[in-house]
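Participant: have a look at this prediction, sequence included:
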Amino acid sequence: MHTLPKLPYAYDALEPHIDARTMEIHHAKHHQTYVDKLNEAIAKNPELASWTVEKLLKEIKGVPDDIRQAVINHGGGHHNHSLFWELMAPKSGGKPTGKIAEAVDKTFGSFDAFKEAFTKAALGRFGSGWAWLVVDKGKLAIISTANQDSPLMNGQHPVLGLDVWEHAYYIKHTSKRADYITAWWNVANWKKAEALFTAAMK
Ligand code: MN3
């Protein structure tokens, strides 16, 4: 059984950047629903019961046709959100340090150029989806994915991810995705991003 991970901080810990009401609904309702629907899909194929969510997504072509789209939607939703909670933290934001900072500078020219390109990807994703910083074949890249599609399905390793579904920002920012993105930079957890980067480069 897949289970909803506990948030590593209180619902109001990211205030004023990300509001408590959004955090509570997003975690306790939206993420819980992805977990429940993933479990429902897996229940039809007990041979997949021992697969981790990472394995399900990395080996999505091996998931039977009749539940593949459900695993993409709800397994992707579960994994993306599990990362998202950890990729935010109170008293964070700012710039990365260490190896990931060097790689960001080398790949994008500067942190500011990276931030601009990532913001553009997040704003440019039409409809629902995610902006990502990933490691792709040993190099950093910015991508965006539709719906709950996971970078793991393309052999990419997520390092930083931003949920741009309206459910992530509508309560506080109504339709203003740009304001939400500006606020989110204040809680981006570069320590976790660095850990994901280091693991992906091994
Ligand atoms: Mn979401």
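Facilitator: The structure has been received and is ready for your questions. Residues are numbered from 1 along each chain as shown.

Participant: state the distance from the residue nearest to residue 160 when sequence neighbours are not counted to the ion.
Facilitator: Among residues not flanking residue 160 along the chain, residue 133 sits closest, at 4.0 Å (C-beta to C-beta, 6 or more residues apart in numbering). For every residue, glycine as well, the C-beta is placed using N, CA and C. Per C-beta to the ion, to the nearest Å, residue 133 is found 18 Å from the ion.

Participant: residue 194 too?
Facilitator: Taken as C-beta to the ion, the span from residue 194 to the ion is 23 Å.

Participant: without its sequence neighbours, what residue ends up closest to that residue?
Facilitator: The shortest distance from residue 194 to any non-neighbouring residue, by C-beta to C-beta, 6+ apart, is to residue 100 (4.5 Å).

Participant: that neighbour: which element?
Facilitator: helix 98-108 (DSSP states H and E).

Participant: how far out from the middle of the chain is the longest helix anywhere in the chain?
Facilitator: Determined from DSSP state H, the single longest helix within the chain is helix 111-124. With C-alpha atoms, centre = their mean, to the nearest Å as the basis, helix 111-124 stands 16 Å off its chain's centre.

Participant: average model confidence for it?
Facilitator: Across helix 111-124, pLDDT averages out at 98.

Participant: give me the buried positions along it.
Facilitator: 114-115, 117-119, 121-122 (16 or more other C-beta atoms under 10 Å).

Participant: for stretch 85-104, same thing?
Facilitator: Buried residues in stretch 85-104, counted by 16+ other C-beta under 10 Å: 85-90, 92-93, 96, 100-101, 103-104.

Participant: ok, of those, which one's closest to the ion?
Facilitator: Checking those against the ion with C-beta to the ion, the nearest one is residue 85 at 10.2 Å.
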